[in-house]
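Enquirer: got a sequence here, can you build the structure:
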Amino acid sequence: MTTTVPAPITIALAQLPVSKAAVADNLQTHLAYIERAAALGANVVAFPELSLTGYELALLSQLAMPRDDATFAALTAAAVANNTVVIAGCPLHNPHGKPHIAAVVCFPNGEHTFYLKQHLHEGEEVDCAPGHESGLINVNGTRITLAVCADFTQPSHAATAAKQKADVYLASALISPGGYAKDAELLAVIAKRHQLPVLLANHVSTTGGWQTCGNCGGWNTAGELAVSAHGTQPSLVLCRIHQGGISGRVEVMTDLHS
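Expert: Residues are numbered from 1 along each chain as shown. Below you'll find the model as predicted:
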């Protein structure tokens, strides 16, 4: 019996400016990045944690979006129009209690789903509720496990991804300059231990009182940083995944229209 090898896939990590609670403005920026990423051959475009609102925990309840929010419809329409999977960060309304920190996943077939952050950072439990389902998606035969920030600090999360035979571990996050070295080491360890490429989409804007450091990028199965953005420059980091390997390049978004 032969094993089917997934075709090469390109995942674009969006390193973009985000404005506090300005969902309509942030959506327009997302749409510009999606269009550019697709033009550059991306099969997937991934944005940082809470990218549609900024990391504004105190405002999360009022910013929380219903599952049928028009913002998700707009992102799904972009996924269809550009034939690419879109993964964006959002606060999601929870009818049973506090809102979730979520990722909306929009597919080119017009469907969308959600991954809910499972492991909350210390203090987030005041404003948020955790999710419990794994975030495994299949894109053209490549199995991608989604993680949101503190998820990747819990070894069980990546271990579950490995058990589910994930081909890529894709984390969206908010990481500060002071926290980057430690988090980068954790991501490198996941890549080496579980022998799968690990990708990071991080913020560049000051958000929720946090200064952030960008450096979106990807680690190969040797635990080496294979591709990375240049600090906090608005960029798309294009990561090509093929047969467990990762290569890539950085497209600086110099002419982005507000």
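Enquirer: any idea how far apart the tips of stretch 128-143 sit?
Expert: Start-to-end span of stretch 128-143 (Cα to Cα, to the nearest Å) is 28 Å.
Enquirer: just give me the neighbour total for residue 69.
Expert: 17 (other Cβ atoms under 10 Å). (C-beta placed from N, C-alpha, C; glycine too.)
Enquirer: for residue 35, see how far away it is.
Expert: Distance of residue 69 to residue 35, computed by Cβ to Cβ, to the nearest Å: 21 Å.
Enquirer: is it true that residue 113 touches residue 105?
Expert: Yes: counting by Cβ atoms under 8 Å, residue 105 is a contact partner of residue 113 at 5.1 Å.
Enquirer: those two: who's more crowded?
Expert: The neighbour comparison of residue 113 against residue 105 (other Cβ under 10 Å) goes to residue 105, with 25 against 13.
Enquirer: so that one touches residue 87, yeah?
Expert: Yes: with contact defined as Cβ under 8 Å, residue 105 counts as touching residue 87 (5.3 Å).
Enquirer: give the residues shared as contacts by these two.
Expert: residue 146 (Cβ atoms under 8 Å, 6 or more residues apart in numbering).
Enquirer: is residue 169 bridged to anything, and to what?
Expert: Counting by DSSP bridges, residue 169 is bridged to residue 145, residue 198.
Enquirer: show me the contacts for it.
Expert: 144-145, 147, 152, 158, 161, 190-191, 194, 196-199.
Enquirer: switch the cut-off to 6 Å
Expert: 145, 161, 190, 196, 198 (Cβ atoms under 6 Å, 6 or more residues apart in numbering).
Enquirer: just among those residues, which is most surrounded?
Expert: Busiest of these [other Cβ under 10 Å] is residue 198, holding 31 neighbours.
Enquirer: isn't it up against residue 187?
Expert: Yes: the pair residue 198 / residue 187 is scored as a contact, 4.9 Å apart, by Cβ atoms under 6 Å.
Enquirer: can you check which residues contact both of these two?
Expert: In contact with both residue 198 and residue 187: residue 219, using Cβ under 6 Å, 6+ apart.
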